[in-house]
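Colleague: attaching a predicted model along with its sequence, questions to come.
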Amino acid sequence: MIVSYFRLLIMAAFFSFSCSSKPQQPKLVITLVVDQFRPDLLTRFDDLYTGGFRWLIDHGIWFTNTHHEHSYTATGPGHFAIGSGQYPGPAGIIGNSFYDRDLKKKVNCVEDPTAKVVGADKGEARSYSRYNTTGLGDWVKATYPKSKVISLGGKDRTAVFLGGKNPDLVLYFNYAGSFISSDYYVDSLPDWTDEFNASINAESYKDSLWTKSLSDDVYLKYAREDFYHGELDDYLTEEYSPVFPIGIDPKEDPKEFLMARPWFEREILKLAQSAITNEKLGQDKSPDLLFIGFSAMDWMIHDFGPHSQEIMDAFIKLDKYLGNFIEFVDKVVGLDQVEFVLTGDHGGLPLPEYVVEQGGTGGRINREHLKEAFEWIDEEIEERFGKDLYVRSGGNYFLNLEKMKKANINPKKIYNVVDKYLPKVEGIERIIYKEDILKSTASDKITTRLKHMIHSHKTPEIFPIVTPGYLYKNPYGTGHGSPYDYDTHVPLIFARAHFQSKTMNEAQATVDIAPTIAKIIGVKIPEFCDGKPIEF
Ligand SMILES: [Zn+2]
């Protein structure tokens, strides 16, 4: 009863905004990207949303059949697709971190060895410098030089890839209590960011307990039981008990664990409010872009799975935080001046134990079996063809093609050895050969997604894909990364105060988001953009 009363009040308040609005080109586009955002995290709790998700759904055009059309569904590639309108593979974003065959070492996708951290003593300096392309923010600035582009994320790759090549400001968490940037972007942080950092006081969260926002019976109705085998328990771990309340283990650093709890998303929205106020976003004729990446959600979903009471609660809390944020935007900018976009960087698999309980197939890939398969492959290749013919990173084989050519070894012979052993491991579906995918004319969705993930030089020659329902994470938690729909399917909502809520079922791709926003604000879409504007 109380819930529905408040919902009515909030709807009445929002209704008054929508009546006074007139359709016009927005002065501010706020793109909200939730990390590991399956669409059912909106639909399953729809009845319970009274805040920001409520407003976005009630004023949104919801494209219910939106997918990331690339195969390695990870955070870096996903945010790149959203921010740039391009498929990640050909642009060189082949993972969050990956072996770079030219540098002969593993690199982070937003690594910048020449950059320095700005804003704190700790953290990594990140940037877009590894990539030669541009994103939505750059296209907007080409049309409107006075437009401001600000990108905020918990994770570095989130903020970097949403912002494009030359945004005004990129801020991300340093896992030590502060939001930082690099001197690729700015020489020093604006005063308002320093003030915000001084106010976080991450250390003070050390004895905070994560408790449920609603009564226990509501959680049992909308989620599974609280104690569920497969969820991670990293709090007071003497006895396995993955249940509320959840604190931060006294042995852990609360400054790092801030990003593993729902409060982190409240902090990033406070940071966004500060950006809007101090940078005067949406307050002149040049349209501004604000990107907000909710990275803590990914950490939490990895730990508990999307059907847990914990994740239900994290979404109930985010709904409330977003409601407050939208009210703030209305006061400062006016909702009739703002377009909101809501989406996710990838979906995710439910806990495999839950998949099986629901009648599906799935599981966790056995690490020992995988290790054995790698050893057999190494032994046979060395015995038959010689040493140092490849570098293996995870299950990815980067062949030394030059050396093989000199020794007159056909790469297919190496492929065959990998193929002989790796698919024997339960959960490894098959081996993919880069050259086959690049040559393929097949138009099925898995081949297409694989193609959009491949860089002709950077991508390994051979890599495995998992069987649907399986993941490498072991023994607790869940993940993402596959080319299957459960990992590619994300929500996509374009919301404005004067929009009537509706759902559209035509297939859309996340590379369409950037050109759609460009079109809404009258910005030219470059030829190299893979997406097309969605008409609505
Ligand atoms: Zn992610």
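Modeller: Cool, got the structure. Please read these numbers as outputs of a predicted model, since none were measured by experiment.

Colleague: mind listing what the residue nearest to residue 123 when sequence neighbours are not counted touches?
Modeller: Nearest non-adjacent residue to residue 123, counting by CB to CB, 6 or more residues apart in numbering: residue 174, 3.0 Å away. Bear in mind the C-beta positions are built from the backbone N, C-alpha and C, glycine included. Contacts for residue 174 were tallied using CB atoms under 8 Å, 6 or more residues apart in numbering; they are 117, 119-120, 122-124, 180.

Colleague: all strands for the stretch 201-350 of the chain, in order.
Modeller: Using DSSP state E, counting those that start in this stretch, the strands of the stretch 201-350 of the chain run over 288-294, 338-344.

Colleague: if we can go back for a sec, check the gap between the residue nearest to residue 123 and residue 154 for me.
Modeller: 10 Å (CB to CB, to the nearest Å).

Colleague: what is the rounded mean pLDDT of stretch 41-51?
Modeller: Stretch 41-51 comes out with an average pLDDT of 98.

Colleague: ditto for stretch 498-515
Modeller: For stretch 498-515, the mean per-residue pLDDT is 98.

Colleague: please identify the buried residues of that stretch?
Modeller: By 16 or more other CB atoms under 10 Å, the buried positions in stretch 498-515 come out as 499, 504, 508-515.

Colleague: if we can go back for a sec, now do the shared contacts for residue 174 and residue 154.
Modeller: Common contacts of residue 174 and residue 154, defined by CB under 8 Å, 6+ apart, are absent altogether.

Colleague: the ion is nearest to which of the strands of the stretch 201-350 of the chain?
Modeller: In terms of CB to the ion, the element of the strands of the stretch 201-350 of the chain nearest to the ion is strand 338-344, at 7.9 Å.

Colleague: and the helix or strand following that closest one, average pLDDT?
Modeller: On the C-terminal side of strand 338-344, the closest following helix or strand by DSSP states H and E is helix 352-357. In this model, helix 352-357 has an average pLDDT of 98.

Colleague: and the next helix or strand past helix 352-357?
Modeller: Scanning forward in sequence from helix 352-357 by DSSP H and E, the next helix or strand is strand 363-364.

Colleague: contacting residues around that next one?
Modeller: Counting contacts by CB under 8 Å, 6+ apart, the residues outside strand 363-364 that touch it are 352, 356, 426-427, 469-475.

Colleague: direction included, what does that strand pair against?
Modeller: For strand 363-364, the paired strands and their directions (DSSP bridges) read strand 470-471 (parallel).

Colleague: was I right to think residue 365 contacts residue 470?
Modeller: Yes: with contact defined as CB atoms under 8 Å, residue 365 counts as touching residue 470 (5.8 Å).

Colleague: overlap in contacts, the two.
Modeller: Looking at what touches both residue 365 and residue 470 (by CB under 8 Å, 6+ apart), the common residues are 426-428.

Colleague: now, which of the residues you listed sits nearest the ion?
Modeller: When those are compared against the ion (criterion: CB to the ion), the nearest one is residue 427, at 21.2 Å.

Colleague: tell me how far the residue nearest to residue 233 when sequence neighbours are not counted lies from residue 229.
Modeller: Counting by CB to CB, 6+ apart, residue 233 lies nearest to residue 242, which is 4.1 Å off, once chain neighbours are set aside. Remark: distance between residue 242 and residue 229 (CB to CB) = 8 Å.
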